[in-house]
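S.K.: 3D model of this:
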Amino acid sequence: MPPRIPPLWCADTLVAVDICAAPEAVNPSEPADFALRNDLWDGPAGTVRLAGAAGEIVDFQLVLEKRTGQLEAVRLEGGGDLSLAVLQHIAVPVDGSFLDDPVVPLDPARAGEASTEISRKAPRFPGRRRQCFLVEIAIPRGTKPGPREAFLIVRAGGEEMRLKIALKVHGFELPERATCVADLNCYSRATGAGYQGGQEESERYRAIEREHFRMAREHLGLFHLLPYGHSGRIEDGYAPKLAGRGRSRKVADWAPFDTHWGGYLDGSAFRGCRGGEHPVEYLYLPVNLNWPAYFENFGSPGYEAEFRNVLGEMARHFAERGWKQTRFEVFFNHKTRWKYFPWDMDEIRFDRDNYATALFARMATDAVKTTPQVKFINRIDSSWIFNKSARTELGDLIQLWVVNRSSQSEAPDESAELRRKGQAIWPYGGAGPIPAPNRLDCLRWPWLAWGREVDGFVWWNALGWGNWEAVGRGNDHCMYAGARFGLSGPLASLRLKTLRRGMQDHAYLTLLGRKAGSRAAADAVVGRTIGSKDREDWYQRGEGVEAGGADIQTTSRTAKAWNTAPRSAWLAARSELARAIEKA
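M.R.: Okay, here's the model as predicted:
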């Protein structure tokens, strides 16, 4: 006889809870009594066990069975200055089923009313057996280590339930800033999709866009908006206005650019934001094959003069504004298949495309050389021939290498050589599919960056191409338009929440390395728990590239330990890392 699921229970956020399954099958990868007891939940005792450092957010899923009734109220009692956030899961259509991914914040003071309103606006579907909520508890900076006890009071269906929160605060504090780059890439006006009037340059659009940048920062990520299309077309506000042709080409008006990007470049857009009020680490420039120079004149002295003049002017303007912390990227996101330009400068496949990339990199470097205090960098998105490209002159000309994860996985030596030269490497891929029994795909990205000794990684299309009724498999979406719920900004996804957890894990790995003086201590912990004992184990040397170019392979098929270790191994690694940091 299957176990009777309690009216309310809790689970790790890494576990995908099936909201329509029978009681004994809430997750096919977990035991039948998972809802009664699991790694953080002791059902008979009504206790949730958590652990984290000062400056960290710990979270778990609160699950209400349908028979329990509607959530009416929720609050946190005790625990000192711990703070509570509650978000309601929303199910979206994926592969013929409805699966949880976006989360909508609830005001705990009016949780019942808010939850009812959210449920009314959410996509409707038959067969729901349970409603899930994400519970987040923030541990303030300066919190003393040791055990903390609090109680989560949940009222549902006219009944009040009291859950004990047994929290262990570790004896260290996480840094405010991310310890690697988690790049959430998107394109042009994608931030305004789903909002009335969200596609035109206006204060409303900029406010919506700003909330995307802030949400990324609060989840230890970098929101990264490419400001032009494949044709080179730039939307209003993304670039300064230009005037003149040839040697007289110059900036006529900085106001559109400064109004749009200034808050990100001086940090004021992040005021009051968890993650800190500091400038964005990287910013795409509007520079492309058709801006600031007209490509119809390519090959003439006038084209090069236009290109050099405006880039030099940009560098001087940025210096005058004090924008010296951000790295400004010169990147050419063009492909021959779109019929606008003669080269594939994104996901390069042929030597001729490397030649064009090198040509423009040299031009850009020369144009800004008199303003070294501003950080202009050349960027390339590489895949098919990364191992070859890295050993050409591009290895010296390109400061940021964004590489298909599968292609980079076979090139540990080329990656090490680029790092030796001081260049940054970010593997790229997708956020991970919604229809998976767990969210380990999302968690692993920061670990992979640490394991391979690279500087960050990219989720290549953070806002996807679909909408609420067509999210695909979720490999792209990690934020959703909040307009459906009356919000002028995005909703986070459970996969974005998992990314934050992985980024906090990366901070653990980094802290241990700093305290121990090398990565050897962390390698030992990871080897005992996950099974990847050194840098080489995180690569896939000689396995055969799984994907190249635009074929983004989100879930690797390798048998390497980091790709096959169960959820319990990652939990054990985190616990052991915490103990090692405290002892170091």
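S.K.: quick one, what contacts Ala54?
M.R.: Ala54 makes contact with 139-143, 145, 169-170, 172-174 under the criterion C-beta atoms under 8 Å, 6 or more residues apart in numbering. C-beta: built from backbone N, CA, C; applies to glycine.
S.K.: Sitting in strands, which of the residues you listed do you find?
M.R.: Per DSSP state E, strands hold the following members of the contacts of Ala54: 169-170, 172-173.
S.K.: With distance to Tyr282, neighbour count and pLDDT as added columns, please give those residues in TSV.
M.R.: Formatted as TSV, the ones in strands among the contacts of Ala54 follow (distance: C-beta to C-beta, whole Å; neighbours: other C-beta atoms under 10 Å; pLDDT from 0 to 100):
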residue	distance to Tyr282	neighbour count	pLDDT
Val169	33	22	98
His170	31	22	98
Phe172	28	19	98
Glu173	26	19	98
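S.K.: and which of those is nearest Lys241?
M.R.: Checking those against Lys241 with C-beta to C-beta, the nearest one is Glu173 at 46.2 Å.
S.K.: Just the element for Lys164, please.
M.R.: strand 159-173 (DSSP states H and E).
S.K.: bridging residues for the residue nearest to Val454 when sequence neighbours are not counted?
M.R.: Leaving aside its sequence neighbours, Val454 sits nearest to Ile425 (C-beta to C-beta, 6 or more residues apart in numbering; 4.3 Å). Beta-bridge pairing for Ile425 (DSSP bridges): Trp401.
S.K.: Can you mark which positions in stretch 487-500 are buried?
M.R.: 487, 489-500 (16 or more other C-beta atoms under 10 Å).
S.K.: chain center to that stretch: distance?
M.R.: 9 Å (C-alpha atoms, centre = their mean, to the nearest Å).
S.K.: Same question for stretch 493-513.
M.R.: Distance, centroid of stretch 493-513 to centroid of chain: 10 Å (C-alpha atoms, centre = their mean).
S.K.: What of stretch 190-204?
M.R.: 22 Å.
S.K.: just the CA coordinates of the strand holding Lys164, formatted as PDB?
M.R.: Output of strand 159-173 as PDB, limited to C-alpha atoms (Å, rounded to 0.1, in the frame of the first residue of the first chain):
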ATOM      1  CA  GLU A 159      -5.800  24.900   9.700                       C
ATOM      2  CA  GLU A 160      -2.500  26.200  11.000                       C
ATOM      3  CA  MET A 161       0.700  24.100  10.700                       C
ATOM      4  CA  ARG A 162       4.000  24.800  12.400                       C
ATOM      5  CA  LEU A 163       7.200  23.700  10.700                       C
ATOM      6  CA  LYS A 164      10.500  23.800  12.600                       C
ATOM      7  CA  ILE A 165      13.400  25.300  10.600                       C
ATOM      8  CA  ALA A 166      16.700  23.900  12.000                       C
ATOM      9  CA  LEU A 167      19.400  26.000  10.400                       C
ATOM     10  CA  LYS A 168      23.100  25.600  10.800                       C
ATOM     11  CA  VAL A 169      25.100  28.800  10.000                       C
ATOM     12  CA  HIS A 170      28.600  28.100   8.900                       C
ATOM     13  CA  GLY A 171      31.600  29.900  10.300                       C
ATOM     14  CA  PHE A 172      32.400  32.000   7.200                       C
ATOM     15  CA  GLU A 173      30.700  34.600   5.000                       C
END
